[in-house]
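Colleague: give me coordinates for this.
(one chain, ligands or ions: 1)
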Amino acid sequence: MKALLELSNVGMKFDTPKGQFEALKEVNLKIDSGEFVSLIGHSGCGKSTVLNIVAGLLQATDGGVILDNHEVTEPGPERAVVFQNHSLLPWLTSFENVELAVKQVFKKTKTKAEIRDWVEHNLELVHMGHALHKKPDEISGGMKQRVGIARALAMQPQVLLMDEPFGALDALTRAHLQDSLMEIHAQLGTTVIMITHDVDEAVLLSDRIVMMTNGPSATIGEILDVNVPRPRDRLALADDPTFVRCRQQVLQFLYEKQRKVEPMRKRNSNNAEAARKQA
Ligand SMILES: Nc1ncnc2c1ncn2[C@@H]1O[C@H](COP(=O)(O)OP(=O)(O)OP(=O)(O)O)[C@@H](O)[C@H]1O
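Modeller: Residues are numbered from 1 along each chain as shown. Below is the predicted model:
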């Protein structure tokens, strides 16, 4: 079967005042329709850069991205993005925020009544049917993220891109949203790419975990298949041997194979500086 999404030799060099900085090098990844893939790696390794290239918000300086036989060159509704901070328009209600996105995509193909039903359906999908007419400052952080997810899903994207969607939420709210996301993924079969720093979240939600090496010139270090059957139950998984092994493998990658080296480098350069001063 042909992959839905393919990143081929993706590289990204940024021009900076200190010269060119190679953030990504030779990132190769194929994702099938319906897969849930997490990107994990230390801070600054290039996860958001990968996601932004797939979203079309950044143009790779090498290689490229193909989605469903089309090269990605700009943002499009078939690649909806959910950011860590909800990005809802504060003067619009939950309903109106979702409606705005839906109108952009379906204005020509859905009637007014169909648009209204579709907006409500998607807000109900994320359990926000009770707060259709509330504005962002009248609902909690978790609820705002739910509306953001509804807005993204309502565009019927081929790929849902999520950049640490639950990173700003407390642990309990986060767990509720993870459960909702698993439900939605099971129900709709949406293809998802999600950035996370949370190892348990990655293992709980993903079919595959893409682990990135530290930058500069970051790339994919390892890919782990999470062969834990669905539906997944967070409580039962705590003692599940496959879950525990997957978790261990990601932790080993992050904290043994890709241990952050900056403090050591810094210490060395500090030592060198001290030696220079002494000389
Ligand atoms: N516009 C830019 N210009 C210069 N350097 C950039 C630019 N955008 C990102 N970088 C650099 O590229 C590297 C990757 O950044 P990116 O934000 O993709 O990392 P990340 O893994 O998503 O980080 P975090 O987990 O902290 O969000 C970093 O070193 C960052 O400083």
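Colleague: interface residues of the stretch 101-250 of the chain facing the ligand?
Modeller: Residues of the stretch 101-250 of the chain that fall close to the ligand, judged by Cβ under 6 Å from any ligand atom: Gly215. Just so you know, the C-beta spots here come from the backbone N, C-alpha and C atoms, and that holds for glycine as well.
Colleague: could you list the domains of this protein?
Modeller: Following the TED database, one finds the domains of the chain at 5-78+157-260, 88-156.
Colleague: any chance of the ones you listed in a markdown table, with mean pLDDT too?
Modeller: Shown next, in a markdown table, are those (pLDDT from 0 to 100):
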| stretch | mean pLDDT |
| --- | --- |
| domain 5-78+157-260 | 95 |
| domain 88-156 | 95 |
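Colleague: ok, which stretches of the stretch 101-250 of the chain are strands?
Modeller: Along the stretch 101-250 of the chain, counting by DSSP state E, counting those that start in this stretch, strands occupy 159-163, 191-195, 208-212, 220-225.
Colleague: residue contacts, Leu67?
Modeller: The contact partners of Leu67, taken as Cβ atoms under 8 Å, 6 or more residues apart in numbering, are Leu4, Leu5, Val54, Glu78, Arg79, Gln158, Val159.
Colleague: in helices only, show me those.
Modeller: Among those, the members falling in helices (DSSP state H) are Val54.
Colleague: top of the contacts of Leu67 by neighbour count?
Modeller: Counting neighbours by other Cβ atoms under 10 Å, Arg79 leads those with 25 neighbours.
Colleague: hang on, it packs against Leu161?
Modeller: Yes: using Cβ atoms under 8 Å, Arg79 is in contact with Leu161, at 5.9 Å.
Colleague: which neighbours do these two share?
Modeller: Val54, Ala55.
Colleague: thought Ile220 was touching Met212?
Modeller: Yes: Ile220 sits in contact with Met212 when judged by Cβ under 8 Å, with a separation of 6.1 Å.
Colleague: how many neighbouring residues does the nearest residue to Gly129 once chain neighbours are set aside have?
Modeller: Nearest residue to Gly129, sequence neighbours excluded (Cβ to Cβ, 6 or more residues apart in numbering): Leu123, at 5.7 Å. Neighbours of Leu123 under the rule other Cβ under 10 Å: 26.
Colleague: wait, doesn't Leu123 sit right on Val147?
Modeller: Yes: using Cβ under 8 Å, Leu123 makes contact with Val147 at a distance of 7.1 Å.
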